[in-house]
Each structure stands twice: as C-alpha cells, then as structure tokens.
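Visitor: Provided below are the primary sequence and the corresponding predicted coordinates.
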Amino acid sequence: MAESDLTPFAQPEKSRAIAHGAILRRLSPLATVLVLILIWHWITDWRLVSRILIPPPADVLDSLAAALADGTLAKHSTTTLGEMMWGLLFGVSIGLAIGYAIAKAPLLEYILSPIIVAFQSTPIVAYAPLLIIIFGTGPSSKVVTTAVIVFFPTLVNTIVGIRGVSPRLRDLMLSLNAGRWQIFRNLELPSALPVILAGLKTSTTLAVIGAVVGEFVGSGSGLGVLVISARSQYDTPLVYVTVFTMTAIALSLYSLVALLEWRVLLWQRRSA
C-alpha cells in the first residue's frame, strides 16, 4: 500500500495528538501549582518548619476568606491596581515616544543615553523616598515610581524593534513616495510589534514592583501597606495572602498582554 493511501487515516491521529498536546500544555501550570500546594501542606503538616514562618495552606485560605469578607483585600488591591495601570500608561507611552525618537535619530541616543542609563541603574528603592518627598504620599508618587520602572524595558524594546525594520523595505516604500505616517503604519509598527509587545509583558510584571515599593516607602493604602501592617502584627497568613494577590495581579496583566500579542500578531502566524 502506498504511503499516500495511509495519509487520510493518519490525519485524525495526528490531529488528536496535537489536541492532547495542547491540553497538556494548558493543564501543566495547574498541575505544578497543585504539586507545590501538596508539598507546602506536607511541610507544615509534618512541622518541618515553624508555622510562624510557613503557615498551613488552610490558615492562608481562612485569612483570604476573612480579608475578602471585610473588604480589606479589595480595598488595598484596587488602590495598587489603579497605581499600576496609570503608571503603565504613562511609562509605556513615554518609553514608546522616546524610543521611537532615539531609533530614528542616533544623535539623540548619545545625548540621552547617559542620563537614562544612570537613572535606570539606580535601584528604585533609592529614589522612591525622593519621589515621595516631591509628589507626596498620595497615589501620584506611586504612579511616578511605576512609570519610571516600566519606562526602560519599553524604551529599549522600541529602539530594537524600530531599528530591526528591513532597510530594503523602507527604501522600497520611499521609492513609492510613501509618507512618514504611511511608513510608520504599514511597515515600522507591524515589524516592531513583536519586540514592543515582549517589552510590554516585562513592563506589566515590573509595574507591581514599582507600585508596591512606593507603598512601602509611604502610603495610606495598597498591598504594600497591607504587607507592612500584617508583618507588624505577626499575621503571617495575611502576608502570604497579600503576596499571592500581587502575584495574581501580575500574572493576570501578563496574560492579558500575551492574549493581545496573540491576537495582534495573528497575521504573522497565518503568513508563516
């Protein structure tokens, strides 16, 4: 029997194998979390570590239920999330604008790079107090802190993405009398989007750090304040709840950007 005769029968098996592989990939993170919870429960059940340091999962769940019931977690999470979103908006917008300008004007890179690198190389905990002094203990200082920390990844990825555009395609569009806006919309932006979106995924995870660090230095509400309050009261389960909430927020934002990336770059997969 010829190989071509087997093809119709092999296709369903191949499709099932691909479907099973996709299901396994989607379930693998959940399986990892379940294994970690089981290990956590085993460690606390056998008292291998003091429960003051690592409380049992049941205690953390009880603390989560209590924080949800009295609105404490929702209040502080909303504050931190708002600071993160505004910080992302400003930081990413400024990073995109300056990154595009530097990519198009190399002289601008020589002028601005010493300032940008020096500012970025300083740990955020070092200048967060200064931002608190300038902008106060309200949300503004946390928004600025978040914007500063997400600015650099967006800037660098924008520069790399724009400079990675094919010179031949740009010359071709110029030979067709395309204007700057046409070149940007039809060539530069589509070509640079994969790199820019990769930087945006990094920025979303860093945004949590920026907002929480600002709250650590000085704030009236937010997840950073909740962590400090729980630590001062030796409420370790509440500390775990707050940390897990920060992680959930970061993962949710990362997943949203990944979904956006999948939708926006669908044309690349179709043309591949």
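Guide: Done, it's in. Numbering: from 1, shown residues only.

Visitor: tell me the mean pLDDT for whichever strand or helix holds W42?
Guide: Taking DSSP states H and E as the criterion, the element that holds W42 is helix 3-45. Mean pLDDT, computed over helix 3-45, is 71.

Visitor: for the very next helix or strand once past that helix, output the C-alpha coordinates as PDB.
Guide: Downstream of helix 3-45, the first helix or strand assigned by DSSP H and E is helix 57-69. Extracted C-alpha coordinates of helix 57-69, given in PDB (Å, rounded to 0.1, in the frame of the first residue of the first chain):
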ATOM      1  CA  PRO A  57      -2.500  26.300  53.400                       C
ATOM      2  CA  ALA A  58      -5.800  26.100  55.400                       C
ATOM      3  CA  ASP A  59      -4.700  29.100  57.500                       C
ATOM      4  CA  VAL A  60      -3.900  31.100  54.400                       C
ATOM      5  CA  LEU A  61      -7.300  30.200  52.900                       C
ATOM      6  CA  ASP A  62      -9.000  31.300  56.200                       C
ATOM      7  CA  SER A  63      -7.100  34.600  56.100                       C
ATOM      8  CA  LEU A  64      -8.100  35.100  52.400                       C
ATOM      9  CA  ALA A  65     -11.800  34.500  53.200                       C
ATOM     10  CA  ALA A  66     -11.600  37.000  56.100                       C
ATOM     11  CA  ALA A  67      -9.900  39.600  54.000                       C
ATOM     12  CA  LEU A  68     -12.400  39.200  51.300                       C
ATOM     13  CA  ALA A  69     -15.400  39.300  53.700                       C
END
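
Visitor: relative to helix 57-69, how tilted is the helix or strand following helix 57-69?
Guide: Per DSSP H and E, the first helix or strand lying C-terminal to helix 57-69 is helix 72-104. Angle, helix 72-104 to helix 57-69, by axes from the mean of the first three to the mean of the last three C-alpha atoms, to 10 degrees: 90 degrees.

Visitor: next one: helix 72-104 to chain centre, how far?
Guide: On the basis of C-alpha atoms, centre = their mean, to the nearest Å, helix 72-104 sits 11 Å off its chain's mean C-alpha point.

Visitor: continuing past that helix, what's the next helix or strand?
Guide: The first helix or strand that comes after helix 72-104 along the chain, using DSSP H and E, is helix 106-121.

Visitor: L155: what's it in contact with?
Guide: G95, I98, G99, I102, I116 (C-beta atoms under 8 Å, 6 or more residues apart in numbering). The C-beta positions use only the backbone N, C-alpha and C, and glycine is treated the same way.

Visitor: contacts for stretch 221-239 next, please.
Guide: The contact list for stretch 221-239, computed with C-beta under 8 Å, 6+ apart, reads 51-55, 59-60, 62-63, 67, 72-73, 75-77, 79-80, 83, 142, 211-216, 219, 242-243, 245-246.
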